[in-house]
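K.L.:
Here is the input, now give the coordinates:
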Amino acid sequence: MSESASKGQDYESSLSGASQSVAQFEDTRKGLVHKIQHALHVTPSLVPLIVLLLSIVVFGVLLGSKFFSPFALTLILQQVQIVGILAAAQSLVILTAGIDLSVGAIMVLSSVVMGQFTFRYGIPAPISIVCGLACGTLCGFLNGWLVAKIKLPPFIVTLGMWQIVLATNFLYSANETIRAQDIEANAPLLQAFGWKFSVGGAVFTIGVVFMVLLILILTYVLRQTAWGRHVYAIGDDKEAAELSGVQTDRVLISVYMLSGLICAFAGWAIIGRIGSVSPTSGQLGNIESITAVVIGGISLFGGRGSILGSLFGALIVGVFTLGLRLLGADAQWTYLLIGVLIIGAVAVDQWIRKVSV
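P.N.:
Reported below is the predicted structural model:
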């Protein structure tokens, strides 16, 4: 009896020791590093916001009033407005664990449709703009249908669509540019996103206001609506989302259609930005939008990130570009630093995914 009792005591003591070891393991995950990781996991836009603020401080110290002038700060906003709008479209797709390589081409084709319908066919500018918006939405629908219904990889679908839309753009426009003077004289509404107004010495454009409002609206929709939660659910685990009753195909098609519509608005905005309708404008729109999204903390694996971070990512690129230009640095330094930021952003995302709960 005494031997069995001692064995029982040993067993209980071993269980007690095991429970203590488990408790010690859990305590180690509640340290400062884990709290930081968890905070970044819950608020993914925090990292790009910190980087943005630090870059502003650094260039502010190096350049002083030259950088902190209203002109310089509003110039950054004007320069990133197109990338910011495209990044919003790209963010929606990447949140579903996809990618859209055709955003830049859709933007340019939509702008060409607006210009050609107005000047080639004599259609009133408001109707031509609606046709351009419809063109972008249609391209997005084709992308979404091929991804959702035919089950083709988003990378392949949008890569092919990029080439198709790009070729269609040049064939339809005959590689002709509609001059800014002609647009200003006959269809000024096409340049509406370039209209400027002053606030306290700072000069803003309608395109900048649209970019900010678009990001804020999409942030609300993704956080507060069932559709937004479904977008995140599909990106996190599409099969689990289907089992929970989410109509994944319908949501995916709607995401790509909305992305195409936003790209069309970017096409309208780029007319206002450069003044003319050029089939060769915005050729790097796809790469720039992906850059802003990645630096903005949205995971390329889908299901995690804030669309507000994509705006911060675009602003980071704008701050680095203008800051280095004012410092007289070679333009290649901008690409080098942006490349470092991209790799660093992906590394941080992997670090957060590995250790956060």
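K.L.:
mind listing the strands in the chain by residue range?
P.N.:
Taking DSSP state E as the criterion, the chain contains strands spanning 196-199, 202-205.
K.L.:
Give me the buried stretch members for stretch 46-56, please.
P.N.:
Along stretch 46-56, these residues count as buried under the neighbour rule (16 or more other C-beta atoms under 10 Å): 46-49, 51-52, 55-56. Placement of C-beta: from N, CA and C, glycine included.
K.L.:
and if you look at stretch 298-316?
P.N.:
Neighbour-count burial for stretch 298-316, with 16+ other C-beta under 10 Å as criterion, is recorded at 298-300, 302-316.
K.L.:
Let me have the buried residues of stretch 46-56 in TSV, extended by pLDDT and distance to Gly194.
P.N.:
Conversion of the buried residues of stretch 46-56 to TSV gives the following (pLDDT from 0 to 100; distance: C-beta to C-beta, whole Å):
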residue	pLDDT	distance to Gly194
Leu46	82	33
Val47	83	32
Pro48	88	27
Leu49	88	28
Val51	87	29
Leu52	90	25
Ser55	90	27
Ile56	90	26
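K.L.:
of all these, which comes closest to Asn143?
P.N.:
For Asn143, the closest of the buried residues of stretch 46-56 turns out to be Pro48, at 26.6 Å, with distances computed as C-beta to C-beta.
K.L.:
Quick check: chain neighbours aside, which residue is closest to Gly228?
P.N.:
In space, and not counting its chain neighbours, Gly228 is closest to Leu222: 3.6 Å by C-beta to C-beta, 6 or more residues apart in numbering.
K.L.:
so what's the one you found up against?
P.N.:
Listed by C-beta atoms under 8 Å, 6 or more residues apart in numbering, the contact set of Leu222 reads 95, 228, 231-232, 306-307.
K.L.:
So which of those residues sit within helices?
P.N.:
When those are checked against helices using DSSP state H, the ones located there are 95, 228, 231-232, 307.
K.L.:
picking that back up, looking at the buried residues of stretch 46-56, which is nearest Gln283?
P.N.:
When those are compared for distance to Gln283, the smallest value, 25.2 Å, is given by Pro48; criterion: C-beta to C-beta.
K.L.:
I'd say that closest one and Gly297 touch.
P.N.:
Yes - at 5.1 Å, Pro48 and Gly297 qualify as touching, with contact defined as C-beta atoms under 8 Å.
K.L.:
Report the set of residues contacting both of those two.
P.N.:
309, 312-313, 345.
K.L.:
Would you point out the most distant pair within the residues you listed?
P.N.:
Of all pairs drawn from the shared contacts of Pro48 and Gly297, the greatest distance, 11.0 Å, lies between Phe312 and Ala345 (C-beta to C-beta).
K.L.:
list residues touching both of those two?
P.N.:
Residues touching both Phe312 and Ala345 (C-beta under 8 Å, 6+ apart) are 48, 295-297.
K.L.:
Please report which of these has the highest neighbour count.
P.N.:
Note: the member of the shared contacts of Phe312 and Ala345 with the most neighbours is Gly296, at 31 neighbours, neighbours being other C-beta atoms under 10 Å.
K.L.:
Can you tell me which residue sits nearest the middle of this protein?
P.N.:
The chain has Ala87 as the residue nearest its centroid, 3.0 Å off, counting by C-alpha atoms, centre = their mean.
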